[in-house]
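Participant: Sequence and predicted structure, then a few things I'm wondering about:
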Amino acid sequence: MARVTAAVLNVLTRPIRMRGTSRTPRPALEPASRPRPWARALGMVAVVLLGGWLGLLAVGQVRVPVGPMDTTMTLRPSFTGGTKINVSPLGALHLDSHIAPVRLDVNVDQLDPVRSQALVDHPERLSGLQDEVTRDIGHGTLDLAVRSCVAVVTGATALGLAVYRRPGRALASGGLALALLAASGATAYATWNPKSVLEPRFSGLLSSAPSVVGDARSIVTEFDVYQKELARLVTNVTKLYDATSTLPAYAPDPTTIRVLHVSDIHLNPASWKIIASLVEQYEVNVIVDSGDTMDHGTAAENGFLDPIEDLGAPYVWVRGNHDSRVTQRYLEGLENVTVLDDGRARTIAGLRFAGIGDPQFTPDRTDRPGAEQSQELAGARLASALRDQRAAGTPVDVAIAHEPAAARQTDGEVPLVLAGHVHHQKTEVMKYGTRLRVEGSTGGSGLRAVEGREPDPIEASILYFDRDTRRLQAWDAIRLGGLGETTAEVSRHLVEENEPGASPSPTDSGSPSP
């Protein structure tokens, strides 16, 4: 068709010579415009990407027996890369393993009854289960890589032939697909992060999180390469799937102290059930509440606090700006509750805590003149008490204040300070080495949250401390959707050994001037 069109244009645009006249030939009209080079290249790339994607969808997956489980491994196009382990119907694990336009998906299809029964009949095989899982994952990954290469190149070549109808263009599409796949592999290799599995993000049923994510101490000490780390997670999934067998279940490392940090409950009765569930699932040693448990601080609200006595762990509390002195006195009369207000330290569950109550009482949510200065003064009082404790040879492990402005004044005086007030989670290592951990609202901003289009998330954290050094090792940030407690996102965060907050505070570092 293109040749016929060009011939017709050539005939029509020939110079016309009139008999007996002499005329200057007209410039020939240019043939039909051809696509510009950049447009042709863009079209080729689109064909290659679409063809490669279709190829992956068609045949780019492998079924791999991993230990007692049947799994499906797949490569998928992605803007961010990473690894996703689907544990339907329990949830999924997300690992920031690499940055590349491809993501590894591992779907746990089912637990094989024959192989599972073999483990039940011969429990001594559990000791070698992790090595077996490692080998299975290695073979499956190699098979998936080869199959994906063939699928991408075949898909791009076939679509190129269908679009361009020229073997040369089709082969060029396949070659470009292979080059892009090689570049993606090189990018994944260059950005490979074997420690990503130490900090997984779990989304799904809240009760499944401890079993799948594992304990902070054991994960740090037992994993040294990505395959073994991934194998451990798959092994945990195996334990979770076969909960009725003799496979061992999640057991917290006895060398860690587990602290549940909650804040800004704001009179939400659903919070107590959530906290009790977390205490049971993670075998929490102590609960820390950084304030705003109430909404108005009236005596009529005091009955709301009664479930604290039955949460299953000691409860450490500091006053927030929505908590009154009436609230504080009521809590001081409850069993299993420790109120911190004047900076004096108390040892609970093997950790030394010190805190100070919020100097403001603003249940109407108004800002009073000098509020920031009063927060800094309260923080300075707490910092002074921390210095005195350290000078006496009894340093504090964890300081607590409601507002971050007050907590910042303790920088350099304590390894870790906890706060709340702002209703979203945040972590920061401050100038003089103190780690500030701000908790979100464990009450989902209270019952006021339903005033918006969507309820605010419910947030809490599990903090893991080494029992010997009493230093923070890791924490799990827990985020529940809205006012429900059945689904959650749990993300693991590690404290690196070379981070300032991981080592004891300097002995003679003054806090910054308020």
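Facilitator: Perfect, thanks for sending it.
Participant: what ranges do the helices span in the stretch 201-350 of the chain?
Facilitator: 209-213, 216-222, 226-241, 270-282, 325-332 (DSSP state H, counting those that start in this stretch).
Participant: Can you flag the weakest of these by average pLDDT?
Facilitator: Sorting these by mean pLDDT places helix 216-222 lowest, at a mean of 47.
Participant: if I pick the nearest residue to residue 302 once chain neighbours are set aside, what's in contact with it?
Facilitator: For residue 302, ignoring the flanking residues on the chain, the nearest one in space by Cβ to Cβ, 6 or more residues apart in numbering is residue 330 at 4.4 Å. Every residue, glycine included, has its C-beta placed from N, CA and C. By Cβ atoms under 8 Å, 6 or more residues apart in numbering, the contact set of residue 330 is 299, 302, 305.
Participant: Can you give me the distance of residue 470 to residue 390?
Facilitator: Using Cβ to Cβ, to the nearest Å, one gets 13 Å for the distance from residue 470 to residue 390.
Participant: remind me which residues of the stretch 151-300 of the chain are low pLDDT?
Facilitator: Along the stretch 151-300 of the chain, segments meeting pLDDT under 70 span 205-208, 211-212, 214-252.
Participant: before we move on, back to that, how close does the residue nearest to residue 302 sit to residue 475?
Facilitator: For residue 330, the distance to residue 475 equals 30 Å [Cβ to Cβ].
Participant: Which stretches in the stretch 351-500 of the chain count as helices?
Facilitator: Using DSSP H, counting those that start in this stretch, the helices found in the stretch 351-500 of the chain span residues 371-391, 404-407.
Participant: Now those helices in JSON lines, please, with extra columns for distance to residue 185 and mean pLDDT.
Facilitator: Output for the helices of the stretch 351-500 of the chain, formatted as JSON lines (distance: least, Cβ to Cβ, whole Å; pLDDT from 0 to 100):
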{"stretch": "helix 371-391", "distance to residue 185": "51", "mean pLDDT": "92"}
{"stretch": "helix 404-407", "distance to residue 185": "44", "mean pLDDT": "96"}
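Participant: Residue 142: which of those is closest?
Facilitator: Closest approach to residue 142 among the helices of the stretch 351-500 of the chain (Cβ to Cβ): helix 404-407, 49.2 Å.
Participant: Tell me, how many residues neighbour residue 357?
Facilitator: For residue 357, the neighbour count with other Cβ atoms under 10 Å is 24.
Participant: pLDDT at the closest residue in space to it that isn't next to it in sequence, what is it?
Facilitator: Counting by Cβ to Cβ, 6+ apart, residue 319 is the residue found nearest to residue 357 once chain neighbours are left out, at 3.3 Å. If you check residue 319, the pLDDT there is 97.
Participant: Ok, residue 411 next?
Facilitator: Listed pLDDT for residue 411 reads 97.
Participant: wait, it sits on residue 432?
Facilitator: Yes. Using Cβ atoms under 8 Å, residue 411 and residue 432 qualify as a contacting pair, with a distance of 4.5 Å.
Participant: which one of the two has more residues nearby?
Facilitator: The neighbour count for residue 411 versus residue 432, taken as other Cβ under 10 Å, is higher for residue 411 (23 against 16).
Participant: Quick check: phi and psi at that one.
Facilitator: phi -60, psi 130 (degrees, to the nearest 10).
Participant: ok, now how distant is it from residue 491?
Facilitator: 25 Å.
Participant: Which secondary structure state does residue 56 sit in?
Facilitator: helix (DSSP: H, G, I helix; E, B strand; the rest coil).
Participant: Enumerate every residue touching the spatially closest residue to it that is not a sequence neighbour.
Facilitator: Residue nearest to residue 56 in three dimensions, not counting chain neighbours: residue 151, with 5.4 Å by Cβ to Cβ, 6+ apart. Counting by Cβ under 8 Å, 6+ apart, residue 151 touches 52, 55-56, 58-60.
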